[in-house]
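Q: the sequence isn't on hand, but the structure is:
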């Protein structure tokens, strides 16, 4: 009789919980917050990225010649803190100067690993870097510099197998560096083959280029490519600047096409200089007077890349303060937001964390400057998140910025925005979702894999609730994400009722319908 009574109570409770529709019903993946749902205080989807620079040992490894164990320990510590601060992506520089952080038949081992160019570090750094990011469910973007051949100007100091030594006709000395000439077709082929090789052997989440295309102009020094122009471009392009832009356009288009054909889930993005053109040279440009333009000086026509969706995201380096006269942050953000409008290309903002606490201009000495940037971004829905340069600058906590991020702007976890440049449908919901009491406290949550799932998100709602379109909207309920099939919620009091939900996420971050479980179980009341 008691057992029958418990069953009747269970049915009476379950019926209203499921009355809103099928278990797991949600709004379409990527849809805006349903109109009937309260708007959460923070966005549920937001890219939170950190640049990790390897060139000149800026970030990792901290110096060349560390042991394998020291290198690995340093990297794990960086990722542990990134995860604790609820970042969800790292942008690791793995080809800083036509060299490699992975075994390569095309380019030598990077000197920034061992101190000696071409010397095997004794392990596969890239495989390690990716595996550690995966273990923390941090998206891993491989950061490549396409045209830099060396940070010093003497080819004789490069190992004999370096492409700049094997193909001296590819190389131009400009300032204190050696760069590949973008006008040489073989250079473009080489860069494409390097990327194809890495993509074929490693499971990257993204391919990332920074702002170095044609080199930043040096006063009084013309980039010496006249002979290349006459050989490869003059007949088709009477204006050399148009030919230079076409060279870079071809590289971007070909890399985008290659990634789309081989691994469409891999995001291809560029982090250009923060000004495309200003109104002095183009009425559709930004309200800036910066001395350098992507279009005119670096020959990087970001507008064309965006409008043709050759890239999946753009992350302009808007490293200036609000109200800065030559290039004001508050003028550039709406301009970039308009650039991506209707294209499907995601917009993330490159933030100059290295400037926080400096005094040129004085605005960076204000602890509120960077928080004001993030608050301003909220007024522009096209802004899908931020990438900070660089990881050490954030972790140094200048003016308390790391604390502000962790306790305020990144108080809750966030899912990465959906890749809208690639069509797709959400994966199936996980199955066999279970919650068992953990001997050390809280609940151990487990489930079985979902078709096409790459990761999973777990939510905890107070009380026993029905599942509806609003159930997974608020990131305050998001416990976290994982690439595994379990998650421990050690903080959950066992004497309170909760509704747990688990969803599946695919490689483009589309989210499945949720699968619920209620604790304590109905028959345990």
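A: Noted; the coordinates are in hand. Keep in mind it's a predicted model, so treat the numbers as computed, not measured.

Q: what about the residue lying closest to residue 158 once chain neighbours are set aside, how many neighbours?
A: Nearest residue to residue 158, sequence neighbours excluded (Cβ to Cβ, 6 or more residues apart in numbering): residue 165, at 5.2 Å. To be clear about C-beta, it is placed using only N, CA and C from the backbone, and glycine gets the same treatment. Using other Cβ atoms under 10 Å, the number of residues around residue 165 comes to 16.

Q: any idea how far the helix or strand where residue 394 lies is from the chain center?
A: Assessed by DSSP states H and E, residue 394 sits inside helix 391-395. Distance of helix 391-395 from its chain centroid, counting by Cα atoms, centre = their mean, to the nearest Å, is 16 Å.

Q: and that helix, what does it pack onto?
A: Helices and strands touching helix 391-395, by 3 or more Cβ pairs under 8 Å, 6 or more residues apart in numbering; DSSP states H and E, are strand 47-52, helix 68-84, helix 401-404.

Q: the helix or strand encompassing residue 133 versus helix 68-84: what angle between them?
A: For residue 133, the element it lies in under DSSP H and E is helix 125-135. Per axes from the mean of the first three to the mean of the last three Cα atoms, to 10 degrees, the angle that helix 125-135 makes with helix 68-84 is 30 degrees.

Q: where does the prediction get shaky in the stretch 1-150 of the chain?
A: Counting by pLDDT under 70, the stretch 1-150 of the chain contains low-confidence residues at 1-35.

Q: where along it do the helices fall?
A: 2-17, 68-84, 111-114, 125-135 (DSSP state H, counting those that start in this stretch).

Q: in the helix holding residue 133, which residues are buried?
A: Residues 125-126, 128-130, 132-134 are the ones in helix 125-135 that count as buried (16 or more other Cβ atoms under 10 Å).

Q: list the contacts of that helix.
A: Helix 125-135 has contacts (Cβ atoms under 8 Å, 6 or more residues apart in numbering) with 71-72, 75-76, 79, 90, 92, 94, 101-102, 113, 139-140, 142, 198, 202-204, 483.

Q: ditto for stretch 167-181
A: The list of residues contacting stretch 167-181 from outside it, by Cβ under 8 Å, 6+ apart, reads 98, 146-153, 155, 163-164, 184, 186-187, 190-191, 215, 218, 221, 223-225, 228.

Q: mind checking pLDDT for residue 218?
A: pLDDT for residue 218: 97.

Q: could you check how far it is from residue 210?
A: Separation of residue 218 from residue 210 (Cβ to Cβ, to the nearest Å): 19 Å.

Q: okay, the two: which has more neighbours?
A: residue 210 (24 against 11).

Q: that one and residue 269 touch, don't they?
A: No - here residue 210 does not reach residue 269: they are 10.2 Å apart, not a contact under Cβ atoms under 8 Å.

Q: show me what contacts residue 424?
A: 506, 508, 510.

Q: doesn't it belong to a helix?
A: No - counting by DSSP: H, G, I helix; E, B strand; the rest coil, residue 424 is located in no helix; its state is coil.

Q: pLDDT score for it?
A: Confidence score, pLDDT, at residue 424: 92.

Q: residue 348 in helix, strand or coil?
A: With three-state DSSP as the criterion, residue 348 reads strand.

Q: what's the neighbour count on it?
A: Neighbours of residue 348 using other Cβ under 10 Å come to 24.

Q: grab the nearest non-local neighbour of it.
A: Nearest residue to residue 348 in three dimensions, chain neighbours excluded: residue 315, at 4.2 Å (Cβ to Cβ, 6+ apart).

Q: related to what we said a few turns ago, nearest to residue 514, out of the helices and strands packed on helix 391-395?
A: strand 47-52 (22.3 Å; Cβ to Cβ).

Q: tell me the domain boundaries of this structure?
A: Annotated domains of the chain cover 2-42+426-524, 47-149+184-409 [automatic domain parsing].

Q: of these, flag the one that's most buried.
A: For the domains of the chain, the largest average neighbour count (mean count of other Cβ atoms under 10 Å) is found in domain 47-149+184-409, namely a mean of 19.

Q: which residues of the stretch 251-400 of the chain fall in helices?
A: 302-307, 329-340, 369-377, 391-395.

Q: of all the ones you listed, which one comes closest to residue 274?
A: Proximity to residue 274, assessed across the helices of the stretch 251-400 of the chain by Cβ to Cβ, is greatest for helix 329-340 (5.8 Å).

Q: quick check: angle from that closest one to helix 369-377?
A: 40 degrees.

Q: need the contact partners of helix 329-340.
A: Applying Cβ under 8 Å, 6+ apart, the contact partners of helix 329-340 are 274-276, 285-288, 302-303, 306, 314, 316, 318, 320-323, 346-347, 349, 373, 376-377, 380-383.

Q: now do 7 Å
A: 274, 286-288, 303, 306, 314, 316, 318, 320-323, 347, 349, 373, 376-377, 380, 382-383 (Cβ atoms under 7 Å, 6 or more residues apart in numbering).

Q: on the three-state scheme, residue 503 is what?
A: Going by three-state DSSP: residue 503 is strand.

Q: list the contacts of it.
A: Contact analysis of residue 503 by Cβ under 7 Å, 6+ apart lists 429, 456-457, 472, 511-512, 514.

Q: then residue 306?
A: Contact analysis of residue 306 by Cβ under 7 Å, 6+ apart lists 314, 339-340, 343, 345.

Q: same deal with residue 478?
A: 44, 412-413, 457, 459.

Q: which of these fall within helices?
A: Counting by DSSP state H, no part of these is found in helices.

Q: could I get the residues you listed in JSON lines, plus columns for distance to residue 234?
A: Compiled in JSON lines, the contacts of residue 478 are given as follows (distance: Cβ to Cβ, whole Å):
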{"residue": "44", "distance to residue 234": "53"}
{"residue": "412", "distance to residue 234": "56"}
{"residue": "413", "distance to residue 234": "54"}
{"residue": "457", "distance to residue 234": "55"}
{"residue": "459", "distance to residue 234": "61"}
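
Q: and those, which two are furthest apart?
A: Between all members of the contacts of residue 478, the farthest pair (by Cβ to Cβ) comes out as 412 and 457, at 11.9 Å.
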